[in-house]
Every structure is written in C-alpha cells, then in structure tokens.
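Student: Got a predicted model here, sequence first, then my questions.
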Amino acid sequence: MFNHLNAIPPDPILGLIAAYAKDPNPKKIDLGIGVYRDELGNTPILDCVKQAEKIHYDTQTTKTYLGPPGVTGFNSAITEVIFGADSDAIQQGRICTIQTPGGCAALRVAGDLLQVAKPEAEIWASDPTWANHLALFSAAGISMNSYPYFDAENSSLRFDEMVNALQQRGPDDIVLFHACCHNPCGVSPNPDQWQILADMAAERGFTPMIDIAYMGFERGIAEDALAVRLFTEKCPEVIVASSCSKNFAMYQDRVGAISIVAENAQKASDIESVINNVTRKNYSMPPAHGPHVIDTILHSDELTTLWISEVAGMRNRINGLRKTMTEKIVASGIQTDFSFLERQSGMFSFMGLSVEQVHRLRDEFAIYTVNSARVNVASFNESNMGYFIEALAVVLDE
C-alpha cells in the first residue's frame, strides 16, 4: 500500500523550526515562525485567557460533543466582534458563523463549500499571499490565480495595478483579501482604498473572501475589521475566515470560524446546513476548550476590556519594534533604506534580501528566516536586535 511513497520535503517554516532547534549557537534567532513573542522571547498566555480558563474549569459540567456548529456563544460573539454589534446584516439574520479548528480549517471549509456551490469558480489571491492559501484551496480542488499587489522595489502597494486587474473579475470569481497585517509583506490598503475595493466588488459582482487572522494588530480591533464591514455593507455575499490564534494568543487551541454573509436569512440558514454537512465529512465535531474560553471573555465586560488592552499592548510593542529597528539600522551606517519597516504593519515584512544573503544569515550567524526574507518582527527584542543588525550589515556588504 505505502511502499511506493517517498518522503516529501518539509514545509519551509517547519524545516526552519527543526533546524533552529538543533542549532547550538546561543545567539541564534528564529525569525520564521509566525507567533507573537514578548521581550523575553516567550509567547505568553494572555491574562484574560487565564482568568476565563479558570471560570470555565470551575463551571463546565460536561465534555460531550458540541455538534457541528460549535460553541453557540462563541459563534455569536465573534460575529459581533468582526461585523460590529450594530451590523444590519446581523440584525437581518444574513450571517451564519460556524466554529472551526483554527483559521486554516475555516479556509479549507470555505474551499469545500465553494466546491459544492460552484466547482468551476476560481479564487484570485494577492501576489504574494500566505503560502498555505495556495495549498488549502488547491487541496479543495479550487483553481487559484493571482492579482498584482506588492511592489518589492518600493515595499509598497501596487494599488492601481491591483484595481485594474480586479476590474476584470466577475460573478464567477472569488477575490481573496487579507483584512489587515498582510502576510507575508505587511502592506495593507488604507481605508479609502478599501472603500474603492468594496465599491468595485459590488459593481463587478465578484465574491469577496476575507482572511482576517490578525485583527487588532494593525490599527485596532474594530478598525482592522473595516474591510469585512465595507464588503458586507456593499455586497450580497461575502466569505470571511477568521482566526483567534494571534489576537487571543491561543495558537495551540485552534480556534477559528467561517462566516458567510448571504442575501437573506433563509439563505444563510440553508448555507449553514451545507457547511455542517461539509464539516461532518471532514473533522465531524470541532474542539471545545478554546471557543468556550473566548465565549467567556467576550460575554464579560471586564474580560473583554482586559482583552482589548492586551491586544493593544501586543500591537504597540510590534509597532515600537518597527520604529526602533528602523532607527538602529540608520544609526548603524547601513546605506540600504529600511524605512518601510516603520510604514508597514503586523508581524511580517520582507527584508528585500537575496536567497544567498538569507543563507549567509543562517549559516554564519544562526539567524533563521525563509528564503523570501520574510521576517517576523515580533521575534526581535532588545537583546537580539543589535546582533541582527550587525549580521545584516555583513551580508549587505558584498
């Protein structure tokens, strides 16, 4: 049965994790894995999560199956967080939200739903986009294409080219957007540009699909949901895949959701039944712990306030690192312009290095990043930033 199978090379990120773990260099730095880290290099459990977990442990009475939709309180609460509590679409019953095992599962369920609804549909994603987008949707049998997005030379958005390309899309197309903190390039449309894109979706009739994995890490929780809310206001149908890994720091608990905005309440109910059928054939029942904890947080005014504060703390730390890094690079005498670091947002940025320079950072300095030179800014701290800049100066001086 399996003798003909050969080993598959590890995912680039997973391969980096393994190489980093084996490296004995005490100065080693892991800039590849996409997790938030504090000043000590740890990925902490948020205080709001700790408190909610205690409440949950003290009050839970069963560990029976949840049923395919997941934790009802989580679904309703995360819908209000993403779409806004005063959303007309919520009031009209046009949104169905189903809990999934993380944002990846939300995206895969979206792909499976599209395969049922319109197998010939094609997804258009930004160039570049998160690598796993390509794998997830291709595995679901959905054709993938790209539209212009990132200007590598100027580390900026190719907005005019993006608009021109999307003007060619129509009712048989799904256009995938990153709501905020674009992974991997850190460049997002501004509010005026999002308005233009939402108007275009309404005019051209393509279906927006929005991956919102870093809500709260760019400008604020509500502010980072702007794209979702504009598309929902303008378009009859919207697909939203959300993740709670980053903004609740609940990576290993795999909490996410797929939300579908439908034309009316009846159609939203119909779509929910289809999604439940799709997930039944996949993972059957979703996990309970993480969604119960978030349900507790979002239904407590005190814990919600604490959560918003803790998200702001993570966001401000990342923005501070970007500013400090830019200043220290200038002070080091490096002539290459890295001012884009301060203009971008979220955890990721391309450093604009060649593959050879990336390999030199790894081989000579034990600094690990993927070949695209995408770095996780949140992995920097006061103790490793200077070492990184020294190494950067060496590999740039070729």
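Tutor: Right, received. Where do you want to start? Numbering: from 1, shown residues only.

Student: Sketch out the strands for the stretch 101-250 of the chain, chain order is fine.
Tutor: Ranges of strands in the stretch 101-250 of the chain, per DSSP state E, counting those that start in this stretch, are 122-127, 143-148, 150-151, 156-157, 173-178, 207-212, 238-243.

Student: and among these, the most buried is which?
Tutor: Across the strands of the stretch 101-250 of the chain, averaging neighbours per residue (mean count of other Cβ atoms under 10 Å) puts strand 238-243 on top, at a mean of 26. From N, CA and C alone the C-beta is placed, and that goes for glycine too.

Student: Helix or strand next in line after that strand, which one?
Tutor: Per DSSP states H and E, the first helix or strand lying C-terminal to strand 238-243 is strand 255-261.

Student: ok, that following strand: who's next to it in the sheet?
Tutor: Strand 255-261 sits in its sheet next to strand 95-101 (antiparallel), strand 238-243 (antiparallel), going by DSSP bridges.

Student: picking that back up, Throw the strands of the stretch 101-250 of the chain into JSON lines and include distance to residue 112 and mean pLDDT, thanks.
Tutor: Shown next, in JSON lines, are the strands of the stretch 101-250 of the chain (distance: least, Cβ to Cβ, whole Å; pLDDT from 0 to 100):
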{"stretch": "strand 122-127", "distance to residue 112": "13", "mean pLDDT": "97"}
{"stretch": "strand 143-148", "distance to residue 112": "15", "mean pLDDT": "96"}
{"stretch": "strand 150-151", "distance to residue 112": "29", "mean pLDDT": "96"}
{"stretch": "strand 156-157", "distance to residue 112": "31", "mean pLDDT": "96"}
{"stretch": "strand 173-178", "distance to residue 112": "13", "mean pLDDT": "98"}
{"stretch": "strand 207-212", "distance to residue 112": "13", "mean pLDDT": "98"}
{"stretch": "strand 238-243", "distance to residue 112": "12", "mean pLDDT": "98"}
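
Student: so how far is stretch 350-362 off the chain centroid?
Tutor: Relative to its parent chain, stretch 350-362 has a centroid offset of 24 Å by Cα atoms, centre = their mean, to the nearest Å.

Student: And the helix or strand containing residue 364, what's buried?
Tutor: Taking DSSP H and E as the criterion, residue 364 maps to helix 355-365. Buried positions in helix 355-365, judged by neighbour count with 16 or more other Cβ atoms under 10 Å: 357-358, 360-362, 365.

Student: before we move on, what about stretch 64-78?
Tutor: For stretch 64-78, a neighbour-count test (16+ other Cβ under 10 Å) marks 66, 68-71, 74-78 as buried.

Student: outside of that stretch, which residues touch it?
Tutor: When contacts are defined by Cβ atoms under 8 Å, 6 or more residues apart in numbering, stretch 64-78 is touched by residues 97-100, 242, 244, 255, 257, 272, 275-276, 279-280, 284-286, 288, 291-292, 294-295, 298-299.

Student: Could you turn the buried ones of those residues into a PyMOL selection?
Tutor: Buried residues among those (16+ other Cβ under 10 Å), as a PyMOL selection:
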select buried, resi 97+98+99+100+242+244+255+257+272+275+279+286+288+291+292+294+295+298
